[in-house]
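Chemist: Structural data only, the sequence is not supplied:
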């Protein structure tokens, strides 16, 4: 059994600052809580450490996506019977930023989502939650048909010159790379749909057209970006951490995709 001392709020703050996080940063976090090892206080302690490292002028941003509120015709892991599709579309509760839980975003992201004062964007598929000085700037104006583009929290983090922290996860989870997809000259587009919540509290299935996402080459892209020296790698608690400026990442990825993706 590992006899190393438990990780604590103070030890994690030390690790975050050693990695390069400074008070006032806008930080977009992707994390695997289990990779951290034993943290005294669990996910609450982790969030407190992040907020302490960022300070009162900083902002913590996490993805709070809801893949269950997408068109069941596109589901593959697992698929559902075609006969179910109209029932799912008609009966799924419309996305509610206050109530709808995220899925597959990690325990730390869910803790941020439910933290007092957290703000959340209102996209029914790919919302983000934020805490701190620029939380409203990050989450407001998230357009339905620009899910991960300029009018999304990713675009806001770019404008705010924020940083990306991959904590115990790789570039396949690096959502900011999608902003580079939206910036391509003619990205592929398709119709998608979700249940949305109306002002009177009822739900309606709504469809729109947006860019098609593709994460298949994100790990290769991320490796090439790291080869430029654009990321700082270190240890936070028990996890390998990668910290990078989002602008540098997205600018590199935009050019990389234009060259490396088939048209």
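Modeler: On my side now, so go ahead. If you're wondering where the values come from, they're calculated on a predicted model, not measured in any experiment.

Chemist: Show me where the protein has its strands.
Modeler: Using DSSP state E, the strands of the chain run over residues 26-31, 59-63, 119-120, 128-132, 163-167, 189-197, 203-211, 231-236, 239-245.

Chemist: what's in contact with the longest helix along the chain?
Modeler: The longest helix of the chain (DSSP state H) is helix 246-260. The contact list for helix 246-260 (Cβ atoms under 8 Å, 6 or more residues apart in numbering) reads 28, 154, 157-158, 161-164, 174, 176-177, 179-181, 183-185, 217, 221, 224-225, 228, 230. From N, CA and C alone the C-beta is placed, and that goes for glycine too.

Chemist: coming back round to it: mind putting the strands of the chain in TSV, mean neighbour count included?
Modeler: Output for the strands of the chain, formatted as TSV (neighbours: other Cβ atoms under 10 Å):
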stretch	mean neighbour count
strand 26-31	25
strand 59-63	27
strand 119-120	22
strand 128-132	27
strand 163-167	25
strand 189-197	17
strand 203-211	15
strand 231-236	17
strand 239-245	21
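
Chemist: Mind putting the ones you listed into a markdown table with mean pLDDT and distance to residue 110?
Modeler: Below are those laid out as a markdown table (pLDDT from 0 to 100; distance: least, Cβ to Cβ, whole Å):
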| stretch | mean pLDDT | distance to residue 110 |
| --- | --- | --- |
| strand 26-31 | 98 | 11 |
| strand 59-63 | 98 | 9 |
| strand 119-120 | 98 | 12 |
| strand 128-132 | 98 | 9 |
| strand 163-167 | 98 | 15 |
| strand 189-197 | 95 | 20 |
| strand 203-211 | 96 | 22 |
| strand 231-236 | 98 | 19 |
| strand 239-245 | 98 | 17 |
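
Chemist: I'd like to know which of these lies nearest to residue 95.
Modeler: strand 189-197 (5.9 Å; Cβ to Cβ).

Chemist: quick one: the closest one to strand 203-211, angle?
Modeler: Taking axes from the mean of the first three to the mean of the last three Cα atoms, to 10 degrees, one finds strand 189-197 and strand 203-211 inclined to each other by 150 degrees.

Chemist: which secondary structure elements does strand 189-197 contact?
Modeler: strand 203-211 (3 or more Cβ pairs under 8 Å, 6 or more residues apart in numbering; DSSP states H and E).

Chemist: What residues does residue 175 make contact with?
Modeler: Here residue 175 is in contact with 28, 30, 63, 148, 154 (Cβ under 8 Å, 6+ apart).

Chemist: Nearest to residue 211 among those?
Modeler: Of the contacts of residue 175, the one sitting nearest to residue 211 (Cβ to Cβ) turns out to be residue 148, at 7.4 Å.

Chemist: Could you give the number of residues near that closest one?
Modeler: Look at residue 148: counted by other Cβ atoms under 10 Å, it has 26 neighbours.

Chemist: quick one: it and residue 179 touch, right?
Modeler: Yes. Residue 148 lies in contact with residue 179 (Cβ atoms under 8 Å); the separation is 6.0 Å.

Chemist: Need the overlap of contacts for the two.
Modeler: Common neighbours of residue 148 and residue 179 (Cβ under 8 Å, 6+ apart) are residue 154.

Chemist: Save the strands of the chain as CSV, and put in distance to residue 15 too.
Modeler: Output for the strands of the chain, formatted as CSV (distance: least, Cβ to Cβ, whole Å):
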stretch, distance to residue 15
strand 26-31, 13
strand 59-63, 16
strand 119-120, 27
strand 128-132, 20
strand 163-167, 10
strand 189-197, 38
strand 203-211, 36
strand 231-236, 4
strand 239-245, 8
